[in-house]
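>>> coords below, sequence missing:
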């Protein structure tokens, strides 16, 4: 009975560790995710203002009005899809996959501006990696590694992501190298720093192998058919 209780407690403790790490990561990503969402919503308001002005004239040009309505319709559909995609950050779809290259590109677009503001040049050398990998795993572990590395390194620095394929796996390597220049003011983090224990917990929960040094990390994702 004691052994069973001990085993259950260990499993529960591990689950709590993973959930705490995911929460910390999402808190760090929240502003970037919101920025991405606003990018899809702002154009709707801009087109609406133009359309409103056109409707206020004594004889509106109906062709222009129809064009404006069509743009709003298209932009609204894009915004809805973006909102639905944000939900999958909070509740990942079971079994959802993404081409490895596309998964890396999504994280690059999400974090590039934030990292630049902090004094880190985020670059990707990943090309021609169409192999499907777990979408939720990429969204958790890759940004976790990027944040853990940048939280412990001084800026300015360059962070490069490269990739290669192996037998039934995709490997992503993240390397940090110091760059000459004046260090920017240290920004106030929106939440606590990401610890390597957090990243390792998330990696294990997603069946991702993680190896790291002080200035690099290698992630191995299983290819999913």
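Noted; the coordinates are in hand. Treat the numbers as computed from the prediction; the structure is a model and nothing was measured.
>>> which residues in the protein form helices?
With DSSP state H as the criterion, the chain has helices at 2-56, 62-90, 100-117, 135-152, 196-205.
>>> now for the first one, which elements pack on it?
What that stands for is helix 2-56. Taking 3 or more C-beta pairs under 8 Å, 6 or more residues apart in numbering; DSSP states H and E as contact, the helices and strands that helix 2-56 lies on are helix 62-90, helix 100-117, helix 135-152, helix 196-205. Just so you know, the C-beta spots here come from the backbone N, C-alpha and C atoms, and that holds for glycine as well.
>>> most packed of the ones you listed?
When the helices and strands packed on helix 2-56 are scored by mean count of other C-beta atoms under 10 Å, the highest mean neighbour count falls to helix 135-152 (a mean of 23).
>>> out of the helices of the chain, which gets nearest to residue 223?
Distances from residue 223 to each of the helices of the chain were compared using C-beta to C-beta; the shortest belongs to helix 100-117, at 8.3 Å.
>>> any idea how far the spatially most central residue of the chain lies from residue 189?
Residue closest to the mean C-alpha point of the chain, counted by C-alpha atoms, centre = their mean, is residue 107 at 3.9 Å. Look at residue 107 and residue 189: by C-beta to C-beta, to the nearest Å, they are 18 Å apart.
>>> and stretch 77-86, how far out from the chain's middle?
Taking the mean of its C-alpha atoms, stretch 77-86 sits 15 Å from the chain's own mean (C-alpha atoms, centre = their mean, to the nearest Å).
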